[in-house]
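*Asks:* Here is a sequence with its predicted model. Questions after.
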Amino acid sequence: MKKISLLGATGSIGTQTLEVIASHPDKFQLEALSIGKNIELGLKQIIEYKPKLVSVQFKEDYDKLLKEVPNTVKLMYGNEGIEEVAANNDADILVNAVLGSVGLRPTLSAIRAGKTIAIANKETLVTAGHIVTSEAKKYNTQLLPVDSEHSAIFQCLQGERLKEVEKLILTASGGSFRDKDRSELKNVTVDDALNHPNWSMGAKITIDSATMMNKGLEVIEAHWLFDMSYEKIDVLLHQESIIHSMVEFMDGSVIAQLGTPDMKVPIQFALTYPERLQLEGKKRLNLSEIGKLHFSKPSFDRFRCLDFAFEAGRKGGSYPTVLNAANEQAVSLFLEGEISFLQIEEAIERTLDEHTYIASPSLEVIQDIDFQTRQLVKTLMVK
Ligand SMILES: NC(=O)C1=CN([C@@H]2O[C@H](COP(=O)(O)OP(=O)(O)OC[C@H]3O[C@@H](n4cnc5c(N)ncnc54)[C@H](OP(=O)(O)O)[C@@H]3O)[C@@H](O)[C@H]2O)C=CC1
Ligand SMILES: CC(=O)[C@@H](O)[C@H](O)COP(=O)(O)O
Ligand SMILES: [Mn+2]
C-alpha cells in the first residue's frame, strides 16, 4: 500500500489524483491533503477520502471547517499547515499539485523529510530549481515528473543514459490562439484564452498555454529535472497533443511517448513508478482514426514568452524567479480583467529589463525577489 499526501487537492491535477487513488483502493491510501479556498469541495473530499491531516489556506476557513470535519481529522491552516501536509505524516510520496511558487517551501520540507515527490507544480522548479535539485540530491529524494511532457521524457529515458541524449524535444499545442497572428491578439478575452484546444486544466496554466509561457516554464523545468543544458532543449509545435514529447539520441534515434491527452496517465505513472497499472477512462489512442499529425517550428516573435523563458533560463541566477513571479502576477491581473492579453508579455518583459542579476539566490532572497517582482508588476501595469 502506497501512502500519499496531496497538495492542491481541489484543483485540476488534485481532483484527478484523487480519482486515480480511488480507482486502486488496494494500492493507494490518502494520508493528508491541502486545499486553498474551495472548502465546499474540500469538505466533500475529506468525507470521501478520510485523510488524517488536512490544511486550508485561510484561518477563517479553518474556523468554519473545524465544526464540520470528523474528529479523526487533524485540521491546520496557512504555511504551517501546508508544510505539515507535505512533510510531517506517514506518507511515502507527496503529490505536489498546488499552483505557483507557494509550493516551494513545502517541497523543500518534503525533500528534507525524505518523501518521494511527484511534482506537477512547475513554478517551484522554475523559481528555485537550483535549490530544489541540490536538496533532492543531498537528501537522496526522487523527483518524479507529473507534467505530461516531462513524464513523456522520463518514460523515453527509462533504461537510457543521459550522456547519450542529444536533444529533449518538448511538444507544444500552441494553446487557445495557435492559429491567430499577433495582430489578432489585441482584443482577445479571458474566455477566449481559457478555451484550450486539447486539455482541460486550471485557469492559470491554460493562460500560460495561450501565451506559450507554459512551454517556457517547461523548458526550465526540463533543464532542472533532466540536468540538460538549454542548447539541448527544443520546442516543437504539435497541435494535436498526441506526442507528449521526445528524446533524440546521439545515433539519431528518436524515442517518443504518445497517448490521448489525459493527465491521469502521468499522474498514475508517477504514483506507480517503476510499475504500471491498468487505467480505465479516456478512449485509447487510435492513430488510424487520427490519420495525420502536424508539426512546425514555433516563432519567437509570435510567442515572445517562449523567448523570455529561454533567455531567463540561460542567464540563470535570479532571472527565472523574476520570470515566474512576473508571469504569475500578470496572469492573475489578466484573469481579473485588469490588463489585456498582450500586456501579460509586456509586464514580464519590463520586469525582466528592470532586474539586477543575482548569481545563486538563497531561499530567502528568492522569496524576497518573488514578492518585490509581484509588487513591481502591479505598479507598472495597473493605473
Ligand atoms: N492542470 C493540468 O492539467 C496541469 C497542471 N500542471 C501544473 O500543476 C499545478 C496545478 O495546476 P492546476 O491543477 O491546473 O491548478 P488549479 O488552479 O486547478 O488548482 C490549484 C490548486 O492549488 C490550490 N492553491 C492555489 N493557490 C494556493 C495557495 N496560495 N495556497 C494553498 N493552496 C493553493 C488550489 O486551491 P483552491 O482551488 O481550493 O483555492 C487548488 O487546489 C500547476 O503548477 C500547473 O502548472 C502541470 C501539467 C498539467
Ligand atoms: C497537460 C500538460 O502537461 C500541459 O502543460 C499541457 O502540455 C499544456 O499544453 P501546451 O502548453 O502544449 O498548450
Ligand atoms: Mn505540460
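*Replies:* Received the coordinates, thanks. Ligands and ions are numbered 1, 2, ... in the order given.

*Asks:* most residues in a single helix of this structure, which one?
*Replies:* Across the chain, the helix with the greatest residue count (assigned by DSSP state H) is helix 363-381.

*Asks:* Give the buried residues for it.
*Replies:* Neighbour counts over helix 363-381 (16 or more other CB atoms under 10 Å) mark I366, Q367, I369, D370, T373, R374, L376, V377, L380, M381 as buried. Quick note: C-beta positions are derived from backbone N, CA and C, even for glycine.

*Asks:* Which other helices and strands does that helix contact?
*Replies:* helix 104-112, helix 122-138, helix 319-335, helix 341-354 (3 or more CB pairs under 8 Å, 6 or more residues apart in numbering; DSSP states H and E).

*Asks:* Same list (the ones you listed) but as CSV, adding mean neighbour count.
*Replies:* Converted to CSV, the helices and strands packed on helix 363-381 look like this (neighbours: other CB atoms under 10 Å):
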stretch, mean neighbour count
helix 104-112, 23
helix 122-138, 22
helix 319-335, 25
helix 341-354, 19
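
*Asks:* TSV for these, including mean pLDDT?
*Replies:* Output for the helices and strands packed on helix 363-381, formatted as TSV (pLDDT from 0 to 100):
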stretch	mean pLDDT
helix 104-112	98
helix 122-138	98
helix 319-335	98
helix 341-354	98
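
*Asks:* for ligand 1, what are the nearby residues on the protein?
*Replies:* Residues of the chain found near ligand 1 (CB under 6 Å from any ligand atom) are 8-14, 35-38, 57, 82, 97-100, 102, 120-123, 147, 199, 201-202, 204-205, 263.

*Asks:* again, 5 Å this time
*Replies:* Where the chain comes near ligand 1, counting by CB under 5 Å from any ligand atom, the residues are 8, 10-14, 35-38, 57, 97-99, 102, 120-122, 147, 201-202, 205, 263.

*Asks:* how much space between the closest residue to R276 other than its chain neighbours and ligand 3?
*Replies:* Nearest non-adjacent residue to R276, counting by CB to CB, 6 or more residues apart in numbering: F269, 6.7 Å away. Per CB to the ion, to the nearest Å, F269 is found 14 Å from ligand 3.

*Asks:* Offset the numbering so it begins at 51, please.
*Replies:* Sure, I'll start numbering at 51, so the last one becomes F319.

*Asks:* Where does F319 sit: helix, strand or coil?
*Replies:* The three-state label given to F319 by DSSP: H, G, I helix; E, B strand; the rest coil is helix.

*Asks:* which residue does this structure bring closest to ligand 3?
*Replies:* As assessed by CB to the ion, ligand 3 sits closest to D197 within the chain, at 4.3 Å.

*Asks:* hang on, L218 in a strand?
*Replies:* Yes. Under three-state DSSP, L218 falls within a strand.

*Asks:* Near it, how many other residues are there?
*Replies:* By the criterion of other CB atoms under 10 Å, L218 has 25 neighbours.

*Asks:* just Q79 next, same as before
*Replies:* Look at Q79: counted by other CB under 10 Å, it has 19 neighbours.

*Asks:* still on that earlier bit, quick check: PyMOL command selecting the buried ones in the residues of the chain next to ligand 1.
*Replies:* Command for PyMOL that selects the buried part of these, burial taken from 16+ other CB under 10 Å:
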select buried, resi 58+60+61+62+63+64+85+86+88+107+147+148+149+152+170+171+172+197+251+252+255+313
